[in-house]
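J.: Next come a sequence and a model predicted from it.
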Amino acid sequence: PRPALLPSSGSKRSPISQKSFPFLRTSTMRSFVGKSVVSIFFLALNAECASSTDEEWRDPNYHNSVNIPDADRVEATSEWRDPNFHNNFVDSDNTLNHFEKWMMVQQEQMGDIFRHKPSEAKAPALLKHKGSVREFASCPKNCKEGWLGDGMCDVNCNIKECRFDKGDCDHSDLSKIVFLHMRKTGGTTLHKYLGSMYSVKGAKVCRIFSFEQYTSGACGYRDFTYERNTGSSVNDNCQVIVREKSRNQRACDDCIKELDDDCVYVELRHWDYSLAEQLQKKGFKIVTLMRDPVRLLESSYNYEAMSRNDALGSIPGYPGGPNGFREWTKDRLKIRGFDAMRILSGCWPEHAGGKALNGSKVPDYCTIQPTYSLRGEIEEKMKTFNDSTLEEIRSRALKNLFKIDFVGVTEQFELTTTLLHKKFLNKEAECHSCEEIREGNIKGNVNTHMYTFDSLGALGKRVQNHIKRTDNNLYKAAKYLLKRQGASLFSMSFASDDE
């Protein structure tokens, strides 16, 4: 149907509605721009149309005064200047309104920008669009048309001449977040989500690794704004700090001080709670992910032995194949307390270091790595570990868990990211790749479980019960906190259950 663009003679033109352009109701437009921006578009368009009377519209001098793009950007420029064309406003085959056709072309050519992908496409224009780069004559050419005010921070546009990207680079209202990334919880995927969300607003992303790591291209997420401003597909637009191993430990002495002052989102990759606590005191909000402890340890074996780039087919020190997995599993029965409990309590080989511990020595049982430690090391270091030690560590871990600002659950990843976005990023539109991550279409470090505890019969049941006795209460508490956070964010009543 013909859009309500031209009225009867002598009246103002009727308002243009979203119904006139059904293609603007696509999922792409909805997911990135959102209803509010679409509404603003039509309000601005109606205001522009209402600014001239019907008589002006039909006056050829009015059209001659309008800034017309180059001939190669507009079909039939002479037609545009013909008042009869505007009276009819229908194309030659009498099936499609000319203005609607132009809008379809614009949507098609600007689709990549709406999807937060770098694009060289320039939107065709029949009128001089308010807010376009063309409006600011002194804005440099490397700030491309269509970038201003599109929700993505462009360093090329973040200057006075381009009105500081029309606010796209203002992240003053973003919460400073530190992500306590525990191994094999889906943390690599969550980092992709957070890194993308923060970088699109121009906020500084920083990472501290507890293992040797190359620093070039090690940001761990795709930064579309960096790509389209630099033309590089290698993302170096973050700070990476690395610590080397020493005496079966990795200490982060003073590494917090090495963080750039403008870091807004920090990932602590495989460190314990002591580092996150230091940043919390500096105003950061702590975020973490918890996973079923049985599945976590099982996944850790399969990844380290079978999936990682330098995997040997077994954990170093153990034979390969099913017999090696059985032997490794049997030795886990000698450990009391696994990843989550040890990380949250600060009893972990990758820690804040001696200075944070006031010079005290880290207990030997806290330098055990539940995945990598061998039988002899476990037996030697667990000699001083008793029931009271276990209760102290478990109590401290639970206490610290409730100090964390946001606790997610791996098995409920989509709910976790939805609530996380609402709590810390509610004012920001979710970028296209972030939506894909939330829905589970983009993941990182995912591996299949070639070996499972269930395949080990009685031994498998025994080790699962052993893990649950020490760590399962923390996992239940994490699920409780996720439900409570959801109820609070959506103003719903909440009653705890047996979980």
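T.: Right, received. Where do you want to start? What you are looking at is a predicted structure, and each value in this text was computed from that prediction instead of being measured.
J.: make it CA atoms for all contacts and neighbour counts henceforth
T.: Fine.
J.: Give me the mean pLDDT for the helix ranked longest in the chain.
T.: The longest helix of the chain (DSSP state H) is helix 458-489. Taken as a whole, helix 458-489 has an average pLDDT of 96.
J.: give me the low-pLDDT residue ranges for this protein?
T.: Under the criterion pLDDT under 70, the flagged ranges of the chain are 1-136, 214-216, 245-248, 354-360, 445-447, 492-499.
J.: Strands of that one, residue ranges please.
T.: Counting by DSSP state E, one finds strands in the chain at the ranges 177-181, 204-209, 239-242, 250-251, 263-269, 285-290, 350-351, 406-409.
J.: Show me what the first one is packed against.
T.: Judged by 3 or more C-alpha pairs under 8 Å, 6 or more residues apart in numbering; DSSP states H and E, the packing partners of strand 177-181 are helix 187-199, strand 263-269, helix 273-280, strand 285-290.
J.: Now with 10 Å, please.
T.: The contact analysis (3 or more C-alpha pairs under 10 Å, 6 or more residues apart in numbering; DSSP states H and E) places strand 177-181 against helix 187-199, strand 204-209, strand 263-269, helix 273-280, strand 285-290, helix 339-345, strand 406-409.
J.: and the longest one, what other elements does it pack with?
T.: Helices and strands in packing contact with helix 187-199 are listed as strand 177-181, strand 204-209, helix 224-230, strand 263-269, strand 285-290, helix 413-424, helix 432-438; criterion 3+ C-alpha pairs under 10 Å, 6+ apart.
J.: let's go with 6 Å and repeat that
T.: Packing partners of helix 187-199 (3 or more C-alpha pairs under 6 Å, 6 or more residues apart in numbering; DSSP states H and E): none among the helices and strands.
J.: between it and strand 285-290, how big is the angle?
T.: 150 degrees (axes from the mean of the first three to the mean of the last three C-alpha atoms, to 10 degrees).
J.: Likewise for the fourth one?
T.: When the same axes, to 10 degrees is applied, the directions of helix 273-280 and strand 285-290 differ by 150 degrees.
J.: Now helix 273-280 - C-alpha only, PDB.
T.: What follows is helix 273-280, C-alpha atoms only, in PDB (Å, rounded to 0.1, in the frame of the first residue of the first chain):
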ATOM      1  CA  TYR A 273      39.300 -14.400  44.900                       C
ATOM      2  CA  SER A 274      42.100 -12.400  46.600                       C
ATOM      3  CA  LEU A 275      42.800 -10.400  43.400                       C
ATOM      4  CA  ALA A 276      39.100  -9.700  42.800                       C
ATOM      5  CA  GLU A 277      38.700  -8.500  46.300                       C
ATOM      6  CA  GLN A 278      41.500  -6.000  45.800                       C
ATOM      7  CA  LEU A 279      39.700  -4.500  42.800                       C
ATOM      8  CA  GLN A 280      36.400  -4.500  44.600                       C
END
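J.: Name the residues that touch that helix?
T.: When contacts are defined by C-alpha atoms under 6 Å, 6 or more residues apart in numbering, helix 273-280 is touched by residues 343-344, 346, 352.
J.: Take the helices and strands packed on strand 177-181 and write them to a markdown table, including distance to Glu392 and mean neighbour count.
T.: Formatted as a markdown table, these follow (distance: least, C-alpha to C-alpha, whole Å; neighbours: other C-alpha atoms under 10 Å):
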| stretch | distance to Glu392 | mean neighbour count |
| --- | --- | --- |
| helix 187-199 | 27 | 23 |
| strand 204-209 | 28 | 22 |
| strand 263-269 | 24 | 22 |
| helix 273-280 | 16 | 21 |
| strand 285-290 | 20 | 22 |
| helix 339-345 | 9 | 26 |
| strand 406-409 | 22 | 24 |
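J.: Figure out which of the ones you listed is closest to Cys431.
T.: With C-alpha to C-alpha, the closest approach to Cys431 among those belongs to helix 187-199: 6.6 Å.
J.: related to what we said a few turns ago, what would the helices and strands packed on strand 177-181 look like in JSON lines with distance to Glu244?
T.: Shown next, in JSON lines, are the helices and strands packed on strand 177-181 (distance: least, C-alpha to C-alpha, whole Å):
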{"stretch": "helix 187-199", "distance to Glu244": "21"}
{"stretch": "strand 204-209", "distance to Glu244": "9"}
{"stretch": "strand 263-269", "distance to Glu244": "13"}
{"stretch": "helix 273-280", "distance to Glu244": "16"}
{"stretch": "strand 285-290", "distance to Glu244": "24"}
{"stretch": "helix 339-345", "distance to Glu244": "19"}
{"stretch": "strand 406-409", "distance to Glu244": "29"}
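J.: What's the local residue count around Gln249?
T.: 19 (other C-alpha atoms under 10 Å).
J.: go on, Leu333?
T.: For Leu333, the count of nearby residues is 15 (other C-alpha under 10 Å).
J.: I'd like the numbering to begin with 468 instead of 1 from here.
T.: Happy to do that; since the first residue is 468 now, the last one works out to Leu800.
J.: Relative to Ser855, how far out is it?
T.: Plainly put, Leu800 is 18 Å away from Ser855 if you go by C-alpha to C-alpha, to the nearest Å.
J.: So for Ile708, what's the nearest residue that isn't a sequence neighbour?
T.: Residue nearest to Ile708 in three dimensions, not counting chain neighbours: Ile675, with 4.7 Å by C-alpha to C-alpha, 6 or more residues apart in numbering.
J.: Before I go, just wanted to say thanks for your time.
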